[in-house]
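Participant: sharing a sequence plus its predicted fold:
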Amino acid sequence: MQAPQPRISGTRDYAGDDAVALQTARDAIAATLRRYAYAAIDPPILESALPFLNRSGEDIRRRMYIFPDPGGREVCLRPELTIPVCRAYLRQLQASEDASGKSAKREARLSYFGPVFTYESASEDRYRQFYQAGAEFIGSQSREAADAEILAAALDALDTAGLTETLVEIGDVDIRNAFIDQLPISERSKTRIRRITLRNRKDPHVNAPTSAPNNEFGELASLLVAVEPGKAELLIKEVFALADVRHVGGRTPEEIVERLISRNAQEPISGELVQGVVALLNIRAKPEMAFKAIREHFRKFRIASIDPVLERCATRLRYIDAYRQKPLALQFNVGLRRGLEYYTGFLFEIFAKKLTQVGHVCGGGRYDNLLEGLGANASIPAVGFGIGLDRLLSALQKTQTRSSSSARAPQALVFAAGNNGYEKAIRVSAILRQAGWSVELDFSGRDEKGALGEAASRKIAYVAFVSGNASKKDQVRIRRLHDRADQLVALSTLSSYAKGESADSAAGKQP
């Protein structure tokens, strides 16, 4: 026998209990978001690459699946769902405005589920194709209230899916930006530091802003140090033109030129200022303690008061507390980042309480400038979250005892004794399904004893024995496994029988 084709590295097959668990988690999350009045949306998997390249930032553009389609357009497998949902929202908004001749309502609550694709280092709980469920709240002018709703909806969705013990980290991009914006350095250097704080999760450390250009373009970058800036730009463009280079790592030649030139014209930044940024990003504590440390840090560097931003953070926390009916394990992390450069304010990540090493199972935040960058006439406030279903299922399996397959077994096994009983077995199964039962037809050819053994091993509650005997053509024998009772049921009353058994079960009677 020829060996089966292997899976592509970084992917997984969902089958059996795993497939059921995925569907169950999806349904639980979707039901929760419906209770929050989020409407479903399902964008295509294939998207234009340009919005992601322009808006998502360095972390994601290096890991995208980008390729030209037969028409020569640069397309990609979507690496996340926020940008596709926002694109679809803007298209619907434009259509509404065109049809009405006036500005349409901008506020929308949208939910989604589907696969996304990023090139990760393949390992446990990290896949190159994975499932994401989430929500976007677009257009609300009450920003802190919308932030609180999104976090509350995410926590409720995880709780409904079975993850009841969580840790939450929140932050706000405005805090680090307020500090960096007032440093006595050029705008270019401020931009560099902001990008570094987004890129380096745990430790943006001292050498990062002042180091030489990294080796992304290696020897080409180092050669440019000895070339005059104007001539360097011409040199790079000529090299790319001769090589017919259109994209490198998801960038156009023009973008590469700008990056290489700017990297060879960097001003020095004092170690004290860099240490100040690092110290700020390392503040991570309960909100009250974190806010106190932030205020002291701003005073130490003689930077204007951060109180307006912290007051908004405190308001948001009060709204979050109003949503919660139980204590929330929460800490404020100034250095929190999401790996996407379009975030503009509130950020959060949610972890399984006893499995923080697995990584966050949900993350999100505010992105008030993204929709304008995608074509809106003005800035539109927006906030959202995404749940990684694969990582959530892994956390659930590690924190809970896997439930027995009985919950997912069919209620009845319909067994046909010989080929002559197949047609009748099909009719019996159809009647039972219409009565609300889940039914599996047994065409295995096993004998009656084997059918009973199969049902018992899988904890199937009923076995319906169908005979091809003409004298019993209008009857079916049903065995209840919990009490081994047999009952002959006429086909004409089979539906009533099934509904009666279901009613007994709902009332707490066996089975």
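Facilitator: Received, thanks.

Participant: okay, domains of the chain per the record?
Facilitator: Here the domain assignment for the chain is 16-201+268-399, 214-263, 410-506, based on automatic domain parsing.

Participant: and these, which is most packed in?
Facilitator: Sort those by mean neighbour count, taking mean count of other C-beta atoms under 10 Å, and domain 16-201+268-399 sits at the top with a mean of 18. (Each C-beta comes from the backbone N, C-alpha and C, glycine too.)

Participant: and that domain, average pLDDT?
Facilitator: The average pLDDT for domain 16-201+268-399 rounds to 89.

Participant: how far away from the center of its chain is that domain?
Facilitator: Its chain's C-alpha centre and that of domain 16-201+268-399 lie 10 Å apart, by C-alpha atoms, centre = their mean, to the nearest Å.

Participant: re earlier: make JSON lines from the domains of the chain and add distance to Gly10 to it.
Facilitator: Formatted as JSON lines, those follow (distance: least, C-beta to C-beta, whole Å):
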{"stretch": "domain 16-201+268-399", "distance to Gly10": "3"}
{"stretch": "domain 214-263", "distance to Gly10": "18"}
{"stretch": "domain 410-506", "distance to Gly10": "33"}
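
Participant: so which of those domains gets nearest Gln2?
Facilitator: Closest to Gln2 of those is domain 16-201+268-399 (C-beta to C-beta; 23.9 Å).

Participant: Arg7 is nearest to which of the domains of the chain?
Facilitator: Nearest of the domains of the chain to Arg7, taken as C-beta to C-beta: domain 16-201+268-399 at 10.1 Å.

Participant: how far does the closest one stretch from start to finish?
Facilitator: 20 Å (C-alpha to C-alpha, to the nearest Å).

Participant: got it, and stretch 69-82?
Facilitator: By C-alpha to C-alpha, one end of stretch 69-82 lies 23 Å from the other end.

Participant: cool, and stretch 340-350?
Facilitator: 17 Å.

Participant: what pLDDT does Thr252 get?
Facilitator: Value for Thr252, per-residue pLDDT: 61.

Participant: scratch that, Ala265 is what I was asking about
Facilitator: Taking Ala265 on its own, its pLDDT is 52.

Participant: so where do the strands sit in the stretch 51-200 of the chain?
Facilitator: Using DSSP state E, counting those that start in this stretch, the strands of the stretch 51-200 of the chain run over 65-68, 74-77, 108-117, 129-138, 166-172.

Participant: could you dump those into TSV with distance to Ala352 added?
Facilitator: Below are those laid out as TSV (distance: least, C-beta to C-beta, whole Å):
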stretch	distance to Ala352
strand 65-68	28
strand 74-77	28
strand 108-117	20
strand 129-138	16
strand 166-172	7
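
Participant: quick one: the helices in the stretch 1-150 of the chain?
Facilitator: 16-35, 50-55, 58-61, 82-100, 143-161 (DSSP state H, counting those that start in this stretch).

Participant: which one of those helices lies nearest to Phe443?
Facilitator: Here helix 16-35 is closest among the helices of the stretch 1-150 of the chain (C-beta to C-beta), at 19.5 Å.

Participant: the closest one - contacts with which helices or strands?
Facilitator: On a contact count with 3 or more C-beta pairs under 8 Å, 6 or more residues apart in numbering; DSSP states H and E, helix 16-35 meets strand 108-117, strand 129-138, helix 143-161, helix 389-399.

Participant: just to revisit the earlier point, export the helices of the stretch 1-150 of the chain as a markdown table, with columns for distance to Ala461.
Facilitator: Output for the helices of the stretch 1-150 of the chain, formatted as a markdown table (distance: least, C-beta to C-beta, whole Å):
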| stretch | distance to Ala461 |
| --- | --- |
| helix 16-35 | 18 |
| helix 50-55 | 50 |
| helix 58-61 | 49 |
| helix 82-100 | 42 |
| helix 143-161 | 26 |
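
Participant: so for Gln5, which of the ones you listed sits nearest?
Facilitator: Going by C-beta to C-beta, the one of the helices of the stretch 1-150 of the chain nearest Gln5 is helix 16-35, 19.7 Å.
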